[in-house]
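> here is my input; please provide its structure:
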Amino acid sequence: MPKSADRGRRTREQLIDAAAQLVGEVGWGAVTTRLVAERAGVNAALVHYHFSSVPELLSTAALQFASRVLAESAQALGTVSPAESVERIFEDLSRFTGTDPESLLLAEAFLASHRLPELRAGLSVLVADFRARVAEWLRAAGVQDADAVALLLGAAIDGLVLHRALDPSVDFRVVAGPFRRLVAG
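Now for the predicted structure:
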């Protein structure tokens with residue numbers, strides 16, 4: 001691959017990373033071309049060379065992050081029993097405070113998706129795919145109502161992160177027991 005193509009790909013990734021960080025720091029609506037370019041250490045013109053608009057850049061950053069997090073979560077499920085996986089899921093969630101940059105990026109993306117149809121469609125596909133993978137895994141483990149349990153688990157994860165943003169004392173591990181019983185099969 002030519003060096004210019006490598007450089008272009010690297011620049012695009014720097015812009016995406018910078019945008020994702022900035023959403024968590026200043027909010028979706030306050031991210032500007034100038035801020036992204038400064039954070040990425042590139043000329044501001046490169047933002048619009050790689051993306052048609054700041055909302056497109058922000059949507060790309062949010063979708064890329066959400067895709068990675070959901071894929072990691074779904075992939076981790078197949079390694080142990082459903083009951084053990086639920087325990088791990090809620091333990092791993094402890095890294096999300098609700099006010100950390102990653103939590104804020106996802107919260108802001110969900111809000112922005114109501115104004116940006118492409119973002120909404122992208123998030124919808126990611127969430128539906130995650131639920132389908134979880135449901136398939138639960139079905140294979142003999143869990144009854146696998147689709148409903150997958151929906152409930154996904155919604156609980158989202159809701160718990162939101163609750164923790166409001167109340168830092170929320171401990172995700174306290175719900176592991178009830179969910180463990182739910183998926184015991």
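> for the rest of this, base every contact and every neighbour count on C-alpha atoms.
Fine.
> which helices and strands does the lowest-mean-pLDDT helix or strand in the chain pack with?
Every helix and strand in the chain was compared by mean pLDDT, DSSP states H and E; the lowest is helix 82-92, with a mean of 83. Judged by 3 or more CA pairs under 8 Å, 6 or more residues apart in numbering; DSSP states H and E, the packing partners of helix 82-92 are helix 54-77, helix 176-182.
> which parts of that helix are buried?
Pro82, Ala83, Ser85, Val86, Glu87, Arg88, Ile89, Phe90 (16 or more other CA atoms under 10 Å).
> circling back: weakest of the helices and strands packed on helix 82-92 in terms of mean pLDDT?
In terms of average pLDDT, helix 176-182 trails the rest of the helices and strands packed on helix 82-92, at a mean of 87.
> where does pLDDT dip in this structure?
Counting by pLDDT under 70, the chain contains low-confidence ranges at 1-2, 185.
> show me the helices in it, by range?
Assigned by DSSP state H, the chain shows helices spanning 3-26, 33-40, 45-50, 54-77, 82-92, 101-112, 117-140, 146-166, 176-182.
> out of those helices, deepest packed?
Most buried of those, by mean neighbour count (mean count of other CA atoms under 10 Å): helix 101-112, with a mean of 20.
> what angle do it and helix 3-26 make?
Going by axes from the mean of the first three to the mean of the last three CA atoms, to 10 degrees, helix 101-112 is angled at 90 degrees with respect to helix 3-26.
> how distant is helix 101-112 from the center of its chain?
Counting by CA atoms, centre = their mean, to the nearest Å, helix 101-112 is centred 8 Å from the centre of its parent chain.
> re the thing from before, of the helices and strands packed on helix 82-92, which is nearest Ala112?
Taking CA to CA, helix 54-77 is the member of those nearest to Ala112, at 8.6 Å.
> may I have the closest one as PDB, with CA atoms only?
Extracted C-alpha coordinates of helix 54-77, given in PDB (Å, rounded to 0.1, in the frame of the first residue of the first chain):
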ATOM      1  CA  VAL A  54     -18.600  17.000  12.000                       C
ATOM      2  CA  PRO A  55     -21.800  15.000  12.700                       C
ATOM      3  CA  GLU A  56     -20.600  12.400  10.200                       C
ATOM      4  CA  LEU A  57     -17.200  12.300  12.000                       C
ATOM      5  CA  LEU A  58     -18.900  12.000  15.400                       C
ATOM      6  CA  SER A  59     -21.300   9.300  14.200                       C
ATOM      7  CA  THR A  60     -18.400   7.300  12.800                       C
ATOM      8  CA  ALA A  61     -16.500   7.600  16.100                       C
ATOM      9  CA  ALA A  62     -19.500   6.500  18.100                       C
ATOM     10  CA  LEU A  63     -20.400   3.600  15.800                       C
ATOM     11  CA  GLN A  64     -16.800   2.400  15.800                       C
ATOM     12  CA  PHE A  65     -16.600   2.500  19.600                       C
ATOM     13  CA  ALA A  66     -20.000   0.900  20.100                       C
ATOM     14  CA  SER A  67     -19.200  -1.800  17.600                       C
ATOM     15  CA  ARG A  68     -15.900  -2.700  19.300                       C
ATOM     16  CA  VAL A  69     -17.500  -2.700  22.800                       C
ATOM     17  CA  LEU A  70     -20.500  -4.900  21.800                       C
ATOM     18  CA  ALA A  71     -18.300  -7.300  19.800                       C
ATOM     19  CA  GLU A  72     -15.900  -7.700  22.800                       C
ATOM     20  CA  SER A  73     -18.900  -8.400  25.100                       C
ATOM     21  CA  ALA A  74     -20.600 -10.800  22.700                       C
ATOM     22  CA  GLN A  75     -17.300 -12.700  22.000                       C
ATOM     23  CA  ALA A  76     -16.600 -13.100  25.800                       C
ATOM     24  CA  LEU A  77     -19.900 -14.800  26.300                       C
END
